[in-house]
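Undergrad: what's the 3D shape of this:
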Amino acid sequence: LLVQLNASSGAIESTFNPVAAGCTGAGIWASPTFDSSDGSMYIATGTEGHCAKGEAIGVVKLKTTTMAYETSWVIPLNLRVHDSDFGATPMLFTATIGGTLHKMVGVPNKNGVLYAFDRTTLGSGPLWTATLASGGSCPQCGQGSISSPVYDGSKIYVAGGQTTINNVNCKGSIRALNPASGSFTWQTCLSGTVMGAITLVPGVLAVVDGPNLTLVSTSSGAILYNNQGNFYGSPTISNGVLYVGSTTNQLYAFGL
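TA: Coordinates of the predicted model:
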């Protein structure tokens, strides 16, 4: 259930249920994404329900002011893995394809594929896809991707679980993609799977891969720094300091 609240009072103004009344499923795992260009928002859903197996897992576009349904795309059953949820926040970007500028939205799935759509034709399906990782129902085991990607105006950056890069088996990876085609600009093998969102500041990407904190160059994919610890979740960067939590109930701060 997606809920719209009054920012001043916290009162519920409207709601949106991705499945029909009386059904379960289509859980919204991550934050909605707001598109200021047309006043819409995007959510990605997962969790098959008892009466919504075919409809529960997809990407939905809503009108922000009213929470009214606009359009959606559901991942076909033949492309799913077991428990094939969308678990990341949709990412907005732009791409020039065939000489035409497209306003795009993209999100990865547990099947290990990143799906990229034109925002005006979401219901028609993706314009391109990119395979990131071996698909599966267990992201914490290194399968698929639930990591929210980022876009810097030039390249898309996306991470996930087990994959192969240049004939090397990797426990996880981070990649830079061409926004027009999904082709890889560079690929970097990581020592663990990435479950949390990628954090971006100019020139640097920060991820937690397995228990490790890794900083990567946006231009080349080179690993700039690696700290083997007990980290978990997504790093946050503010005023030149990187903050990240750990499984030992501690918050770490690193100067950049």
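Undergrad: what pLDDT does the most centrally placed residue in the chain get?
TA: Compute the mean C-alpha point of the chain, and by C-alpha atoms, centre = their mean the closest residue is Ser148, 2.6 Å away. For Ser148, the pLDDT comes out at 98.
Undergrad: all strands of the stretch 101-250 of the chain, in order?
TA: Using DSSP state E, counting those that start in this stretch, the strands found in the stretch 101-250 of the chain span residues 113-118, 128-131, 150-151, 156-160, 163-165, 168-170, 172-177, 184-190, 199-201, 204-209, 212-217, 223-228, 236-238, 241-245.
Undergrad: quick one: distance of stretch 1-9 to the chain centre.
TA: 23 Å (C-alpha atoms, centre = their mean, to the nearest Å).
Undergrad: and what of stretch 31-47?
TA: Worked out by C-alpha atoms, centre = their mean, stretch 31-47 lies 12 Å from the chain centre.
Undergrad: likewise stretch 168-182?
TA: Taking the mean of its C-alpha atoms, stretch 168-182 sits 13 Å from the chain's own mean (C-alpha atoms, centre = their mean).
Undergrad: now swap in stretch 193-200 and tell me
TA: 9 Å.
Undergrad: send the alpha carbons of it over as PDB?
TA: Presented in PDB, the C-alpha positions along stretch 193-200 are these (Å, rounded to 0.1, in the frame of the first residue of the first chain):
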ATOM      1  CA  THR A 193      27.200  -8.900  -3.300                       C
ATOM      2  CA  VAL A 194      25.700  -5.400  -3.200                       C
ATOM      3  CA  MET A 195      22.200  -5.200  -1.700                       C
ATOM      4  CA  GLY A 196      21.900  -1.600  -0.700                       C
ATOM      5  CA  ALA A 197      21.700   1.500  -2.900                       C
ATOM      6  CA  ILE A 198      24.700   2.900  -4.700                       C
ATOM      7  CA  THR A 199      25.800   6.200  -3.200                       C
ATOM      8  CA  LEU A 200      27.200   8.800  -5.700                       C
END
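Undergrad: how about residues contacting it?
TA: 88-89, 133, 139-142, 145-150, 152, 157-162, 171-174, 205-210, 218, 232-237, 242 (C-beta atoms under 8 Å, 6 or more residues apart in numbering). Any C-beta I mention is one placed from the backbone N, CA and C, and that applies to glycine too.
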